[in-house]
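Chemist: below are the sequence and a predicted model; questions follow.
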Amino acid sequence: MNLEAAYEEIARCNRCGFCQAACPVFRATASEAGVARGRIALLRALIEGRIAWDAGLEGPLFDCLLCGACTAACFPAVPTAELLVRARSAYLARVGRKAAHRLLFDRLLPDPRRLRRAARAAAIGKRSGLSRLAAALGLLRAFGRDLGRAEEILPAFPRRAFREELAAGAYDGAGNRGTAAYFVGCGVDLLHPAVGRASLALLRERRRRVLVLDNNCCGLPAWSAGDLGAARRLAAANLALLNDPAVEAVVTDCSSCASFLRSYPRLFPPPDPRHGEARRLAAKTFDLAPWLHAEGAPSAGGLRGRRITFHDPCHAARGLGVRREPREILGRIPGAEFVELPEADACCGGAGSYALSHYDLAMRVLERKTENLERTGADLLVTTCPACMIQLAHGVRRAGLAVEVRHLAQVLRPTPPRQGF
Amino acid sequence: MRQPERPLPRPLLRELRRIVGEAFVTESAASSELYAYDGSLARGAPGAVVFPADARQTAAVVRAAARAGVPFVPRGFGTNLSGGTVLPQGGLVVCLARLNRILALSIPNRSAVVQPGVTNLELQQALAPLGFFYAPDPASQKVATLGGNVGENSGGPRCVKYGVTVHHVLGLEIVTAEGELRRLGGEAPDPPGPDLRGLLIGSEGALAVVTEITVRILPRPEAVRTWLAVYDSVEAAAQTVAEIIAAGILPAALEMMDTPVMRAVEESRPCGFPPDAAAVLLIEVEGLAAGLDRQAGRIREICRRHGVREIREASGEEERARLWEGRRGAFGAVARLAPNYLVNDCTVPRTRLPEALRRVEAIARAHGILCGNVFHAGDGNLHPLLLFDSRRPDEVERVHRAGEEILTACVELGGTISGEHGIGLEKRQAMRLVFTEEELSLQRDLKRAFDPQGRLNPGKLFPPPTEAPGPKRAADALCPAEEDLARRVRQAFAAGERLRIRGSGSLDAAPSGGRDDRPAVSTASLTAIVEFDPENQFFTAGAGLSLARAQEALAARNQWLPLRPPPLPGRRTLGGIVATAAAGPERSAYGSPRELLLGVGFVDGRGRRLRAGGRVVKNVAGYDVTRLLVGSAGRLALLTRLTFRTATRPERCTAIAIDGDLAALARLAGRLLASPLEAVIAAAAPGPGGSFRLWLGFEGFAETVARQIEEAARKARAEALAEVGISDYGLLDGPFPRLYEEIAKRPGLLRIGVPPEQAARAARHIASRFPEAPLWVDFAAGRVMAGMDGLDPDLWAELRRAVSACGGHLTLEKAPASDFSPGGGCFPRAARDPLDLRLRAAFDPRGVFAGADPPETGDDP
């Protein structure tokens, strides 16, 4: 997948500029360096030899959210996010890969236990004010220069990760049909164990058996950073794990993971022998919201008088085409009112770890989101991506709004017990 | 990090960083690459990009660039389609994208004040909740900034009904090439003097940098209906367009798309276009619901007559939005057919569309180029998209040749080389198709008047000078008289003599002549009607023709010039009307000469016979000298011929008269003007006992007029105001001819322009100071016209103070010449500003017309 092979796709940008209206970064910066048209122009200039690969490209190549809004607004549908990932990959190869990237993608993400240890160290660092220790341990340092300010995005690490509460393996459910596997994303595992508990409860209500997977990272962070080798290694490990024919459905409460699992076939294009496997996995992978919707929406109580709105994670709306289902589920909650969030599918600026590495820009993107949120008058903001949750909660705190930020699963199953599975 | 090819001087970059901050100056090779292009095929090589935060910083940036002698270009989002925002010779890009705030929205003034980096769509979205809209709507409105709209005089689908940007801009704040901030116009209508705003609009960033824009906003129409008419032949679709226009129907949009474009759009996203058809028309009518059925019926009938395959009405807002989304995305979508396109946005008189499309097709075929069409058919504004791949040099060459041939063909058909995309770099040579070398030389002089050092967006708009005279114009009935006058001016030029231009003399006060002893040149010989094209709705005649005679000629084809300029509409000459920018209270609905004038012929101070503009509404070839001459009062040139847009005569004109207190009437008028009712006149005059009488005039289809009169009466009753009568009035005289006569009898005619919400206050002031003066106040435009017996210097000074306090200006249109002769000393003279002097010198280097100052105005410092 080298950049030159994408020349045709790059040449298809005829500079109409419609991406400018869609791009959250351009809306914040008004700079051609921060929008698809400009980034594509640089890729073309690189291929045509007008500019050189150097550190000056880091900004234009890496400050894209990869939210895909440009492609959705683009009539010829130039796949900017994918082109940029290729370009990032080339950048890493030609200009250099930071030590922190290597640590994160080669050593931490492929090993959930090691990742949790690093997160724990970071958490201790944060709670004890020893952020230097956390940085020394490497996890957060991976995110670059904005880290100092970015730390405030994470209010507190949970003391225990989800999978420290609960061993991987098979759990009995109350449903009368087959087996579903629960894919535990890093965000839920490390930062939102309560979401994991809620999702698992929902799954167990609907299946005879639920398999909590001992999966590792889906690979999306590595792919986004342009580290395609690392992404493929992570994906290959997951493929081996998920290729159990007894598992009818792989469900995850992280829309980003769901979207990336669905895209595994692209990581292993034919004639790679894993292509078929990847396709089978893609076919049985579901985001929690549409899966629940198809199963018959669950009821929820305790939300009488609430005003609820929904933020579309980029990977749900544009990655999976999921828009209708979460709204319909929320719209049926008795006694609560659902209001549409203006520009609900515009990126919040969280974009995985983007907010940690590009704090200022992420905050400018976030401001528009919180302004729109304020306009709805909602007191409960729901979404389906752990990274969005962190970013949105940070936005709510910064803007001083009285809005709860919750995952859809938490809204439906607010306080499942910690133990007793 | 690598440097750009043409780096800028270090001291300038330091200065820029000091002005705007470190983060807002970029100068790497990458940023040079990022600002090397716009939406066109042209490429530049900027040395640096600066992002000022506001007008003050912009002015400081311009001053710094001027001191350093570095050329610069203002730029918004860089979607220009003619290469207007790139700098091939290097220089500084001044990106105004951070000036992105909407500063004010005013319903009482029906205006919006915006910074240039606000996109057209952002303004529309801010106006929608208020029930208003901004009429120009370029297809790229999502990403077209209003600064760019001003720079290019942008149009858009709705412009067939509402006109282009210049018709909707009230005022500008600009930074001159020297870095001075100044304001041109504003919410008060028709500032006295030549229309500098009009000149700047469409000047492609080559005369000044615009930092703030005041625009007119309109209430959203009551109803909209949209149809897709599907054709099996392009020819039939084009003929339908020509016939709709010729029938005097004014759709809100009339767009055409052909097969290749529809295919590209539908492949991108299904918008509801039938890719198997040869062409479709997207037709929209809007206005009062009561009037739409009749228009709809006539349009359908015309479509059927031309063999339409299917007419589908959009069932609701969703379907309509989808059709428009496809139309607006068409330029981007053709990237599915080929990586690049060259678009020539030439304009032809609308009845020539079928032929123009035939010739475009033949030219594309001859060069072996795939061509798609998507364009503003109702304006005759073509957009043939010549599709190619810029990576293949032979294709580039063929495409450019085909493009030139298409422009030539359109000019041959009576059109022009650009309707809305501008000349920029790409059409400089084509300027010779429409302008003579002398005309180009005048335009180059105008550029020098604004930008003596040539630093602002250099190298754009004009080809290099040559010896060749340029296009030869056919002789017509007006030419001999024009030549006589030109000869007279040449004599005066040679002899250093000053001349006085005289039309019908309707503004001369008795006893005429006074102390102005300059010899007169009269336009009395310029009365020929050169061309009246009722189907395309334009009319060309000599400047000496009286409005009454013009109206007679137009009436024969059920058309008219929608102007009732005081004091005696019929007696005034076309030249005089244009020179004084005269209009009656119908001004807001129909426009003033500024809106209605399409082209002019004139004699400059050297005695050269020159032309500007043309015969089509959408025309952005070169600087808008046509607009500049409106209101120039004989100071710049002698107008000899004028081409106006004409209109279909309304079926019926009816006014409702309402008596009451001025404030209550103003309130009622304000409500009405913010509603979807289409009042042509909302003006009041003093009545008995300190009360006023308001006339609300409606003109158009009989049934819509009747409905609006009812509605207006209802609104008056709701305000507890007494309706005193409803009566029809004469089309040419307007609802209060007797008041006009009273005003005409007075030796003085005072014109006051104020923001509309101040109109009542200004009228009350005049009525209290001059209880005997006949006057009317126009709540729609914000204007008071009063007949005056006398005006001493103290009163004049007091009036000026009062009017300035309302944010307005005043002009004495007519006064005893003795009061205003040079040295008469009655009123102070305006301070001479260098820009004004240079502008005059461009037209009239020896001051042949210099003595013909208009009476003093309130806009001088």
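Modeler: Received it, and whenever you're ready, just let me know what you need.

Chemist: so where's the chain shaky on pLDDT?
Modeler: Answering for chain A, as no chain was given. A:1, A:98-103, A:107-109, A:112, A:119-156, A:416-421 (pLDDT under 70).

Chemist: nope, chain B
Modeler: Applying pLDDT under 70 to chain B flags residues B:1-2, B:509-516, B:816-831, B:851-861.

Chemist: what residue lies at the spatial centre of it?
Modeler: Central residue of chain B (Cα atoms, centre = their mean): residue B:166, 2.7 Å from the mean position.

Chemist: touching, that residue and residue B:199? I think so.
Modeler: No: the criterion here is Cβ atoms under 8 Å, and residue B:166 misses it with residue B:199 at 9.6 Å. (Each C-beta comes from the backbone N, C-alpha and C, glycine too.)

Chemist: what sits in contact with each of these two?
Modeler: Taking Cβ atoms under 8 Å, 6 or more residues apart in numbering or on different chains as the criterion, residue B:166 and residue B:199 both touch B:624, B:627.

Chemist: residues near residue B:629, how many?
Modeler: With neighbours defined by other Cβ atoms under 10 Å in any protein chain shown, the count for residue B:629 comes to 30.

Chemist: buried residues in the helix or strand hosting residue B:67?
Modeler: Residue B:67 belongs to helix B:55-68 when assigned by DSSP states H and E. Within helix B:55-68, the residues that qualify as buried by neighbour count (16 or more other Cβ atoms under 10 Å in any protein chain shown) are B:55, B:57-66, B:68.

Chemist: who's in contact with residue B:339?
Modeler: Going by Cβ under 8 Å, 6+ apart, residue B:339 touches A:11-12, A:14, B:388-391.

Chemist: quick check: the closest residue to residue B:451 other than its chain neighbours vs residue B:447, distance?
Modeler: Excluding its sequence neighbours, the residue lying closest to residue B:451 (Cβ to Cβ, 6 or more residues apart in numbering or on different chains) is residue B:177, at 3.9 Å. Residue B:177 sits 10 Å away from residue B:447, taking Cβ to Cβ, to the nearest Å as the criterion.

Chemist: so which helix or strand takes in the residue nearest to the spatial centre of chain A?
Modeler: Geometric centre of chain A, nearest residue: residue A:256, 3.7 Å, by Cα atoms, centre = their mean. Here residue A:256 sits within helix A:255-262, counting by DSSP H and E.

Chemist: after that helix, next one along is what?
Modeler: Helix A:255-262 is succeeded, C-terminally, by helix A:264-267 (DSSP H and E).

Chemist: now the very next helix or strand once past that following helix against helix A:255-262, angle please.
Modeler: The first helix or strand that comes after helix A:264-267 along the chain, using DSSP H and E, is helix A:274-284. Put simply, helix A:274-284 runs at 140 degrees to helix A:255-262, going by axes from the mean of the first three to the mean of the last three Cα atoms, to 10 degrees.

Chemist: next, the buried residues of helix A:274-284.
Modeler: A:274-275, A:277-278, A:280-281, A:284.

Chemist: could you do stretch B:325-337 as well?
Modeler: Those buried within stretch B:325-337 under the rule 16+ other Cβ under 10 Å are B:326-337.

Chemist: farthest-separated two in these?
Modeler: B:328 and B:337 (17.5 Å; Cβ to Cβ).

Chemist: got the residues of the stretch 251-400 of chain B near chain A?
Modeler: B:264-265, B:268-269, B:329-336, B:339-341, B:389, B:391 (Cβ under 8 Å from any Cβ of the partner chain).

Chemist: same thing but 7 Å
Modeler: B:268, B:329, B:331-333, B:335-336, B:339-341, B:391 (Cβ under 7 Å from any Cβ of the partner chain).

Chemist: show me where chain A has its strands.
Modeler: A:169-172, A:179-183, A:209-212, A:249-252, A:285-287, A:307-310, A:337-338, A:380-383, A:404-407 (DSSP state E).

Chemist: hey, which of the ones you listed is tucked in deepest?
Modeler: The highest mean neighbour count among the strands of chain A, using mean count of other Cβ atoms under 10 Å in any protein chain shown, belongs to strand A:285-287: a mean of 26.

Chemist: helix, strand, or coil at residue B:112?
Modeler: strand (DSSP: H, G, I helix; E, B strand; the rest coil).

Chemist: report the longest helix in the chain, please.
Modeler: Picking chain A for this. Identified as the longest helix of chain A according to DSSP state H is helix A:359-376.

Chemist: sorry, should have said chain B
Modeler: Chain B, longest helix under DSSP H: helix B:393-412.

Chemist: what residues does the very next helix or strand once past that helix touch?
Modeler: Remark: after helix B:393-412, the chain's next helix or strand is helix B:431-434, criterion DSSP H and E. The contact list for helix B:431-434 (Cβ atoms under 7 Å, 6 or more residues apart in numbering or on different chains) reads B:407-408, B:411, B:416-417, B:423, B:440, B:462-463, B:470-471, B:621-622.
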